[in-house]
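*Asks:* test case, fold it:
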Amino acid sequence: MGIEVTPHYTVPGLAAQDAGSVIELLQQRLHALNDLHLTLKHVHWNVVGPHFIAVHEMLDPQVDRVRDMADDVAERMAALGGVAYGTPGVLVEQRTWKDYSVGRADAIAHLGALNLVYTGLLEDLRALIKTVAEIDPVTEDLLIEQLRDLEQFQWFVRAHLETASGNLTTAGATTEIEAARQSVQ
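*Replies:* Predicted coordinates for the structure are as follows:
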């Protein structure tokens, strides 16, 4: 897209070039959170089966918190002197992952797929935290708080996928469709 991210000014004590680096990293984070919020609503609307109500009601608080996280990231970008691009076109153009691939399905199948979504998101977030830690401790703190909540959300998802012996029914799955299939076998 060729968007200039180095701000003309930023927060005191942080160089504009460093702020630009953080803004650029946060833009991908904003895309990930906006995508997650929409994916969670998609799952919420398309779950069926005997676990419908439990999963349906579990997801709305996650949606609300993820939307708050996106707002926090966008506001941090603005505080650093940047622009938060939150339109669907920019998200689709700049994201580095494929769209969620499960439609109407059993609630547990969706959770199997959603577990992989959370895994990818959390791995990316941990890498981002390591990168921004060297530049901006305020952004690092914001991201650590989000990591804590997202890990808890994945724990909620995984509790539905765990066997009595402590194994995940989706172990070894590499695609959402594969995870969805494994979770209901």
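*Asks:* hey, let's count contacts and neighbours off CA atoms from now on
*Replies:* Will do.
*Asks:* you'd agree residue 144 is up against residue 129?
*Replies:* Yes - using C-alpha atoms under 8 Å, residue 144 is in contact with residue 129, at 7.1 Å.
*Asks:* so for these two, which sits in the more crowded spot?
*Replies:* The residue with the greater number of neighbours, taking residue 144 and residue 129 and applying other C-alpha atoms under 10 Å, is residue 129; the counts read 19 against 15.
*Asks:* quick one: secondary structure of the more buried one?
*Replies:* Under DSSP: H, G, I helix; E, B strand; the rest coil, the three-state class of residue 129 is helix.
*Asks:* where does it land on pLDDT?
*Replies:* The score at residue 129 is 98. That number is its pLDDT.
*Asks:* which residue is the nearest non-sequential neighbour of it?
*Replies:* Taking C-alpha to C-alpha, 6 or more residues apart in numbering as the measure, residue 129 lies nearest to residue 140, with 5.6 Å between them; neighbours along the chain are not counted.
*Asks:* now for the one you found: which residues touch it?
*Replies:* Going by C-alpha atoms under 8 Å, 6 or more residues apart in numbering, residue 140 touches 129, 132, 133.
*Asks:* for the protein, what are the low-confidence residue spans?
*Replies:* Within the chain, the segments meeting pLDDT under 70 span 1-4.
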